[in-house]
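Undergrad: The following block contains a protein sequence and its predicted model.
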Amino acid sequence: MDGDGSTTDASQLGITGEYMAGSHFVLAQAPEGDEGLNDHEDGNGSKDNLREQDIYLPIANVARIMKNAIPQTGKIAKDAKECVQECVSEFISFITSEPLKLYLQKFREAMKGEKGISGVTVTEGMGEELTEETFTNPLPAGIITADGQQQNVMVYTTSYQQIPGVQQLQFS
Amino acid sequence: MSEKTMEEKVEQATNSKNVSLPMSRVRLIMKSSPDVSCINQDALFLTTKATELFVQHLALSSYKNGSGKETNTLSYSDLANAAEETETFQFLTDILPKKILARDYLKSLEEMKKDDDSL
């Protein structure tokens, strides 16, 4: 990275080269939050290789919470425990994606008001919200904060290109 | 040893600042959503706490709605029924399908094939 914390190096940004070609961009990095971009967790780089125990919460904890919720004499079937475990993971994914959509929507509206930055927008990579005025350069800004504060890494592009079959960006 | 009622226990768990679920695991699941890079610590705690309350809510609703009077056991079908009937649990209908017997399923498959053939 350069001295001022900015970089245009594709590999350091973790973005594949095809998104960078032909664009001029500036990277502004806000101070890192608690998590930072460089987690040292296992399985961080490859989301495909998660084990079954990684995508669910431990069944003992889930079962304990369930048991505390129902009347004292009640019992819980084993397949019920397992299936609540799956429901819980589904719930977490659900409430993670919903605020993110809202945030991206607000972000898009805020960006439209900025002077001098035309043609910058956010695409969620799902294709359903692409309109005529959006361009296909994705603008990744994936953060979640409880109070909606921005603490993230953003890449601005000031020119646009049609990139056929553009997929969503993955920051790992 | 103080005797706590069920409501007191639930209330205490709700209001406590502790969570009984591992936050690191919750963070992993959150990160599996697309477009998520950093997660604020407060948001993580909030999500974990909300998940806990969700488990309590789901367990209690399913138990009350289901065959609690006879068997005193919370079974899978109770959960499937709750998912279908309660509006707040409708997002779970895909992963909590009601169970049907294999022969009923094969029968309905055959009927569907007959419909296709007759078209």
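TA: Thanks, I have it. As the structure is a prediction and not an experimental result, all values here were calculated from the model. Residues are numbered from 1 along each chain as shown, chains lettered A, B, ... in the order given.
Undergrad: so where is chain B shaky, pLDDT-wise?
TA: Across chain B, the ranges flagged by pLDDT under 70 are B:1-15, B:67-71.
Undergrad: List the contacts of the most centrally placed residue in it.
TA: Residue closest to the average C-alpha location in chain B (Cα atoms, centre = their mean): B:Leu58, at 5.5 Å. Contacts for B:Leu58 (Cβ atoms under 8 Å, 6 or more residues apart in numbering or on different chains) come out as A:84, A:87, B:79, B:82, B:89. To be clear about C-beta, it is placed using only N, CA and C from the backbone, and glycine gets the same treatment.
Undergrad: as a whole number, average confidence for the longest helix along chain A?
TA: Counting by DSSP state H, the longest helix found in chain A is helix A:78-113. The average pLDDT within helix A:78-113 is 85.
Undergrad: need the strands for chain B, in chain order.
TA: With strands called from DSSP state E, chain B shows them at B:38-39, B:73-74.
Undergrad: Any idea how far the first one is from the middle of the chain?
TA: On the basis of Cα atoms, centre = their mean, to the nearest Å, strand B:38-39 sits 25 Å off its chain's mean C-alpha point.
Undergrad: who does that strand touch, helix- and strand-wise?
TA: Judged by 3 or more Cβ pairs under 8 Å, 6 or more residues apart in numbering or on different chains; DSSP states H and E, the packing partners of strand B:38-39 are strand A:143-144, helix B:23-31.
Undergrad: and of these, who's closest to A:Ile65?
TA: Distance to A:Ile65, taken as Cβ to Cβ, is lowest for helix B:23-31 among the helices and strands packed on strand B:38-39, at 13.3 Å.
Undergrad: Longest helix in chain B, by number of residues?
TA: helix B:41-65.
Undergrad: so that helix versus helix A:78-113, what angle?
TA: 140 degrees (axes from the mean of the first three to the mean of the last three Cα atoms, to 10 degrees).
Undergrad: Could you check the angle helix B:41-65 makes with helix B:23-31?
TA: Using the same axes, to 10 degrees: helix B:41-65 against helix B:23-31 is 90 degrees.
Undergrad: how close does A:Ala69 get to chain B?
TA: 4 Å (Cβ to the nearest Cβ, to the nearest Å).
Undergrad: on that earlier part again, does the longest helix of chain A come close to chain B?
TA: Yes: judged by Cβ under 8 Å from any Cβ of the partner chain, helix A:78-113 comes into contact with chain B at A:79-80, A:83-84, A:86-97, A:100, A:104.
Undergrad: Quick check, pLDDT for A:Leu57.
TA: pLDDT at A:Leu57 comes out at 90.
Undergrad: just checking, it touches A:Ser89?
TA: Yes: using Cβ atoms under 8 Å, A:Leu57 is in contact with A:Ser89, at 7.0 Å.
Undergrad: More neighbours: those two, which one.
TA: A:Leu57 (25 against 19; other Cβ atoms under 10 Å in any protein chain shown).
Undergrad: Quick check: phi and psi at B:Ser32.
TA: phi -70, psi -10 (degrees, to the nearest 10).
Undergrad: how near is it to B:Ser16?
TA: Using Cβ to Cβ, to the nearest Å, B:Ser32 is found at 28 Å from B:Ser16.
Undergrad: of those two, who's got more company?
TA: Per other Cβ under 10 Å, whichever of B:Ser32 and B:Ser16 has more neighbours is B:Ser32, with 16 against 11.
Undergrad: can you tell me how far the more buried one sits from B:Ala82?
TA: 25 Å.
Undergrad: B:Val26 now?
TA: Where B:Ala82 is concerned, B:Val26 sits at a distance of 23 Å (Cβ to Cβ).
Undergrad: sorry, back to before: just the buried ones out of the residues of helix A:78-113 next to chain B, please.
TA: Buried members of the residues of helix A:78-113 next to chain B, scored by 16 or more other Cβ atoms under 10 Å in any protein chain shown, are A:80, A:83-84, A:86-93, A:95-97, A:100, A:104.
Undergrad: wait, which of those residues is closest to B:Ser108?
TA: So of these, ranked by how close each gets to B:Ser108 (Cβ to Cβ), first place is A:Cys83, at 23.2 Å.
Undergrad: Many thanks, I have nothing further to ask.
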